[in-house]
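> predicted structure and sequence below. I'll ask about it afterward.
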Amino acid sequence: MKASVGDEIVVESNVISGAVRHGRVVEVRHPDGEPPFLVEWRDSGERTLFFPGPDARVVPKEPARG
């Protein structure tokens, strides 16, 4: 899994009706875009070092229009 700054991280719950977490990648620690990522979570505003598991996916940042 690779990500860039500004991409969204979505972590699906493995529990029925469990919460889905959304975060924004604010820093990528490796030049090739590999984990870990520093992610700012929408639900808490907390920034954590994130190593994605099989329940996570990256949604690429929308390109700027103009």
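Perfect, I can see it now. Remember, it's a predicted structure, so these values are computed and weren't measured experimentally.

> counting by contacts, list what the longest strand along the chain packs against.
The longest strand of the chain (DSSP state E) is strand 21-28. For strand 21-28, the packing partners by 3 or more Cβ pairs under 8 Å, 6 or more residues apart in numbering; DSSP states H and E come out as strand 8-11, strand 37-41. Glycine gets a C-beta too; all of them are placed from N, C-alpha and C.

> ok, the residue nearest to the spatial centre of the chain - contacts?
By Cα atoms, centre = their mean, the chain has its centre lying nearest to Ile9, at 2.3 Å. By Cβ atoms under 8 Å, 6 or more residues apart in numbering, the contact list for Ile9 reads 3, 21-25, 37, 39, 50, 52, 56-59.

> low-confidence ranges in this protein?
The model of the chain has pLDDT under 70 over residues 64, 66.

> now the nearest residue to Gly33 once chain neighbours are set aside. Its backbone dihedrals?
For Gly33, ignoring the flanking residues on the chain, the nearest one in space by Cβ to Cβ, 6 or more residues apart in numbering is Lys2 at 3.6 Å. Dihedral pair for Lys2: phi -120, psi 150, per degrees, to the nearest 10.

> Lys2 reaches Val58, doesn't it?
Yes. Judged on Cβ atoms under 8 Å, Lys2 makes contact with Val58 at a distance of 7.2 Å.

> quick one: which of the two has more around it?
Ranked by neighbour count (other Cβ atoms under 10 Å), Lys2 and Val58 place Val58 first, with 18 against 13.

> for that one, give the beta-bridge partners.
According to DSSP bridges, the partner residues bridging Val58 are Ile9.

> OK, contacts around it?
Contacts for Val58 (Cβ under 8 Å, 6+ apart) come out as 1-3, 7-10, 25, 52.
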